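Trainee: 3D, please:
(one chain, ligands or ions: 1)
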Amino acid sequence: MATCTRCGASIGKGDKVCPECGVLLKRKNRRSWYIARVCLVLLFFGLAVNLLNFCSGMSSDSSAPVPKESNM
Ligand SMILES: [Zn+2]
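Mentor: The predicted model follows:
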């Protein structure tokens, strides 16, 4: 159960304002959390790709020609 940050009264799920003091209730922005999660996944994916490239670079012969990665 959520409570008002100003007066501490219990607040219903659908309430947008506090029934006791009338303060505007702010809910956690789900969109920002979603974007943060997407960024985290992209970061993780990029890290995995970098790790994969690093591992393949380590195993390959150093004398072999290095493919260009300018189109990243
Ligand atoms: Zn209140």
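Trainee: same for the helix or strand encompassing residue 46, what does it pack against?
Mentor: Per DSSP states H and E: residue 46 is located in helix 30-59. Helices and strands touching helix 30-59, as assessed by 3 or more C-beta pairs under 8 Å, 6 or more residues apart in numbering; DSSP states H and E, are absent. (Each C-beta comes from the backbone N, C-alpha and C, glycine too.)
Trainee: what's the spacing between it and its chain's center?
Mentor: Offset of helix 30-59 from its chain centre (C-alpha atoms, centre = their mean, to the nearest Å): 12 Å.
Trainee: got it, and stretch 16-35?
Mentor: Relative to the chain's own centre, stretch 16-35 is displaced by 20 Å; criterion: C-alpha atoms, centre = their mean.
Trainee: List the buried residues in that stretch.
Mentor: Residues residue 18 are the ones in stretch 16-35 that count as buried (16 or more other C-beta atoms under 10 Å).
Trainee: residues in contact with that stretch?
Mentor: 2, 4, 5, 6, 7, 9, 11, 12, 15 (C-beta atoms under 8 Å, 6 or more residues apart in numbering).
Trainee: Which pair of those residues spans the longest distance?
Mentor: Maximum pairwise distance in these, criterion C-beta to C-beta, is 16.1 Å, between 6 and 12.
Trainee: Give me the more crowded residue out of the two.
Mentor: Legend: neighbour count by other C-beta atoms under 10 Å for residue 6 and residue 12, higher for residue 6 (13 against 9).
Trainee: So which elements touch the helix or strand bottoming out on mean pLDDT in the chain?
Mentor: Within the chain, confidence by mean pLDDT, DSSP states H and E is lowest for strand 2-3 among all helices and strands, at a mean of 85. Packing partners of strand 2-3 (3+ C-beta pairs under 8 Å, 6+ apart): strand 10-11.
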